[in-house]
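Colleague: I'll drop the sequence and a predicted model, then ask my questions.
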Amino acid sequence: MNDMMGKETDLGCRMGQIEQMIRYAYWNSGCKGIVIGLSGGVDSAVAAVFCCRAVGGDKVLGLSLPSAVSKPSDTEDAAMLCKKWGIEHRVISIEPVLDGFKATPEFNGSRYLLGNFMARTRMAILYFIANRDQKLVCGTSNRSEYMIGYCTKFGDNAADIQPIVHLYKTEVYTIADELGIPEAIMKKTPSAGLWEGQSDEEEIGLSYAELDASLRQLELQGWEASTPGEKKVLDLVKKSEHKRLPAPNLLASLKKP
């Protein structure tokens with residue numbers, strides 16, 4: 001019983017810290033609100049609800065940014081989430097932007113390259129709205145994906161605040177349950193929606209439970225792999241380091257003014 005109460009207290013404390021971080025960043029920025037891209041998935045749902053709890057749903061704008069391959073149910077789930085927490089919800093299709101780029105001579109890439117372009121297009125729209133309306137852009141990256149580089153540089157990993165980037169995906173689900181995220185969102189197969197039938201776990205090649213277990217163990221072992229599974233994850237971590245570091249530069253070598 002005491003252990004259970006201790007876990008609940010620890011979870012409540014961690015959630016309170018996230019809300020305080022958002023609140024501090026919001027107050028410090030002088031901005032008038034927060035804008036967040038809502039994919040219909042659990043990560044963006046949890047991040048959005050944390051924003052609501054921190055500054056109020058009336059100051060949060062949720063944008064659904066579907067393409068031709070997006071599932072209508074994802075936009076419907078995002079709308080349901082917004083209604084429940086009092087968030088303004090808008091839908092802006094990115095298809096006209098994609099069509100314009102596809103019409104240029106430079107468009108001859110794979111679905112992977114198009115997927116990255118889609119992620120950057122969505123972030124460009126979020127920042128356009130944020131700049132226009134004096135809002136902060138809230139990120140939706142979790143620790144599991146961030147650590148292995150399962151994100152697009154200057155796309156979905158760009159943001160002014162990152163409420164859940166320190167949480168493993170399995171922890172996101174635990175907190176989502178505590179926050180009362182709708183079951184339809186909780187139970188759907190995680191997908192970035194970059195092409196039809198795309199699944200995050202299938203693309204990564206591991207379940208989130210396996211990925212999180214390896215990341216936790218690697219951290220305990222000083223980032224030394226002891227199993228083939230850990231070696232696979234460690235390779236992904238090393239290969240994607242450039243996504244977590246600032247661009248190489250020589251500013252530090254210049255004389256200060």
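Modeller: Received the coordinates, thanks.

Colleague: Tally up the residues packed near Ala213, please.
Modeller: 17 (other Cβ atoms under 10 Å). To be clear about C-beta, it is placed using only N, CA and C from the backbone, and glycine gets the same treatment.

Colleague: Over to it. Which of the three states is it?
Modeller: helix (DSSP: H, G, I helix; E, B strand; the rest coil).

Colleague: wait, doesn't Pro163 sit right on Cys51?
Modeller: Yes. With contacts counted by Cβ atoms under 8 Å, Pro163 reaches Cys51, the gap being 7.2 Å.

Colleague: Have a look at those two and say which one is more surrounded.
Modeller: Between Pro163 and Cys51, counted using other Cβ under 10 Å, the more crowded position is Cys51 (30 against 25).

Colleague: Quick check: what element follows the helix or strand containing the more buried one along the chain?
Modeller: Using DSSP states H and E, Cys51 sits within helix 42-55. The helix or strand immediately downstream of helix 42-55 is strand 60-64, counting by DSSP H and E.

Colleague: Quick check: phi and psi at Ile161.
Modeller: Taking degrees, to the nearest 10, you get phi -140, psi 150 for the backbone angles of Ile161.

Colleague: Confirm for me that it is in contact with Arg23.
Modeller: No. If you go by Cβ under 8 Å, Ile161 and Arg23 don't touch, sitting 10.3 Å apart.

Colleague: what do Pro163 and Cys51 both touch?
Modeller: 22, 138 (Cβ atoms under 8 Å, 6 or more residues apart in numbering).

Colleague: mind listing the strands for the stretch 1-150 of the chain?
Modeller: For the stretch 1-150 of the chain, strands defined by DSSP state E, counting those that start in this stretch occupy the ranges 33-37, 60-64, 88-91, 135-138.
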